[in-house]
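Asker: coordinates for the following, if possible.
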Amino acid sequence: MIRRKLLNVVSGVVLFASVSTAAFSQVADKEDFDNYHLRIDAGWLYSDPTGSIRGSAATDNTSIDFNKDLGFNSYSTFSGKVDWKFTRKNHLFVSIIPYNFERQTVLNRTFTFQGQTFTAGLTTSSSLNTLFVAPGYQYDFIRRRRGHLGVQVAMDLFNVTGKISAAAQVTGNGVHHDAVSATGSILAPIPVAGPDFRFYVTNSPRVFIQGNVLGMYLFGYGNFISTTGTLGVTLSKHFSVLAGYQLASHLVVNDSHDRIGLRFVQRGALVGLETSF
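Answerer: Okay, the predicted model is just below:
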């Protein structure tokens, strides 16, 4: 399944690169519309997450579903990126997005997490806190007045902590349960690479589209695929507004004897503000 997804992504990238190369080559190489040295993006992301988590203990033989078991649903978060273009075609950047879920729910089945058993009927408090940080490098192998087509190479760092707890309580069947709590964490570094583009659709730097496709398949360790598309409107020389959609962000970290397993998929709308100097 993952290999098929990667093949579809690669095929799309090749087709996009062919079409974009022809489009960019027709544009006169005058002063760039997006001529800048430092660019900062700050945005609001409304995400619809799905996925599951599995503990690292030998008894954790069941995946815990974010939606069906823990009741996680859509949420809002912040996204940010700082891009330093130190030459016309070379960039250094860092992206950051925190993902934080908290939910209280009554369990509809019994499962085990980090060696602790949580019984059906318990009222539990669950949280999943993930900090995504991605430093990287970008080279624009095509850069014209109305945009660029480049490639990004980055190290995606996912710092994940999952916690499930239940206070001492008596369930509906009259059985007393002692307090129980379990926490698992993982730092998952995943290198990614893929194309990035921006194209101004008008003859002035007023309206532009941009997007990227990033991913890597790491065999037994895990994989990550992400695609984003954005429409931008320039308000002034230094400010633009952005609106778009994260088409898919698919993270898999396979479990082993010393780390938790994680499957995390999200998609959703995003809006933001961009400033360039």
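Asker: nearest residue to the middle of this structure?
Answerer: Using CA atoms, centre = their mean, the residue of the chain that lies closest to the mean C-alpha position is Ser249, 5.0 Å off.
Asker: hey, what's it bridged with?
Answerer: Beta bridges link Ser249 to Ser226, Gln266 when assigned by DSSP bridges.
Asker: right, and it touches Ser226 too?
Answerer: Yes. Contact between Ser249 and Ser226 holds when scored by CB atoms under 8 Å: they sit 4.5 Å apart. Where you see a C-beta, it was placed from the backbone N, CA and C, and this is true even at glycine.
Asker: what stretches of this structure score poorly on pLDDT?
Answerer: Scanning the chain with the threshold set as pLDDT under 70 gives 1-30, 257-258.
Asker: let's see 80
Answerer: 1-30, 57-61, 173, 220, 247-248, 255-259 (pLDDT under 80).
Asker: can you show me the helices along it?
Answerer: 2-25 (DSSP state H).
Asker: from Thr117, how far out is the residue lying farthest from the centre of it?
Answerer: Relative to the centre of the chain, the most outlying C-alpha is that of Gly174, 43.2 Å out, by CA atoms, centre = their mean. Noted for Gly174: a distance of 19 Å to Thr117, by CB to CB, to the nearest Å.
Asker: could you do Val265 as well?
Answerer: 27 Å.
Asker: how about Ile97?
Answerer: 33 Å.
Asker: so which of those two has more stuff around it?
Answerer: Taking other CB atoms under 10 Å, Ile97 and Thr117 do not tie; Ile97 has more neighbours (20 against 13).
Asker: quick one: the more buried one from Ala42, how far?
Answerer: 11 Å.
Asker: what do these two both touch?
Answerer: Phe78, Ser79, Gly80 (CB atoms under 8 Å, 6 or more residues apart in numbering).
Asker: Arg54: neighbouring residues, count only.
Answerer: Arg54 has 24 nearby residues by other CB under 10 Å.
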